[in-house]
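Novice: from the sequence below, what's the structure:
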Amino acid sequence: MVYDVFMHQVVRIAWVLLSACLGVLVFPPVGWWWMAVVAWVPLLLAVRGVKAS
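Specialist: Numbers count the residues shown, from 1 in each chain. Modelled structure (predicted):
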């Protein structure tokens, strides 16, 4: 039970880190402006179902 909660947190953190890495690609020298939209997807997956405390 505790392991499941821990793994959910690890997965959420992984989604946030992926979103951050994709977001960095928007800026120079890469400059993939279209990645700005794609980078939101993992972040939205990470916060899906989370309630404010």
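
Novice: give the buried residues for the helix or strand that contains residue 5.
Specialist: Assigning secondary structure by DSSP states H and E places residue 5 in helix 2-24. Neighbour counts using 16 or more other CB atoms under 10 Å place 12, 15, 18-19, 22-23 of helix 2-24 among the buried residues. The way it works is simple: take the backbone N, C-alpha and C, and place the C-beta from them, glycine included.

Novice: ditto for stretch 39-52
Specialist: 39, 42-43, 46.

Novice: secondary structure, pLDDT and distance to residue 31 added to the residues you listed, as JSON lines?
Specialist: Putting the buried residues of stretch 39-52 into JSON lines (DSSP: H, G, I helix; E, B strand; the rest coil; pLDDT from 0 to 100; distance: CB to CB, whole Å) gives the following:
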{"residue": "39", "secondary structure": "coil", "pLDDT": "96", "distance to residue 31": "14"}
{"residue": "42", "secondary structure": "helix", "pLDDT": "95", "distance to residue 31": "20"}
{"residue": "43", "secondary structure": "helix", "pLDDT": "94", "distance to residue 31": "21"}
{"residue": "46", "secondary structure": "helix", "pLDDT": "92", "distance to residue 31": "25"}
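
Novice: which one of those is nearest to residue 4?
Specialist: residue 46 (16.7 Å; CB to CB).

Novice: I'd guessed the closest one sits against residue 15; true?
Specialist: Yes: using CB atoms under 8 Å, residue 46 makes contact with residue 15 at a distance of 3.6 Å.

Novice: not counting its neighbours along the chain, what's nearest residue 12?
Specialist: Nearest non-adjacent residue to residue 12, counting by CB to CB, 6 or more residues apart in numbering: residue 46, 4.6 Å away.
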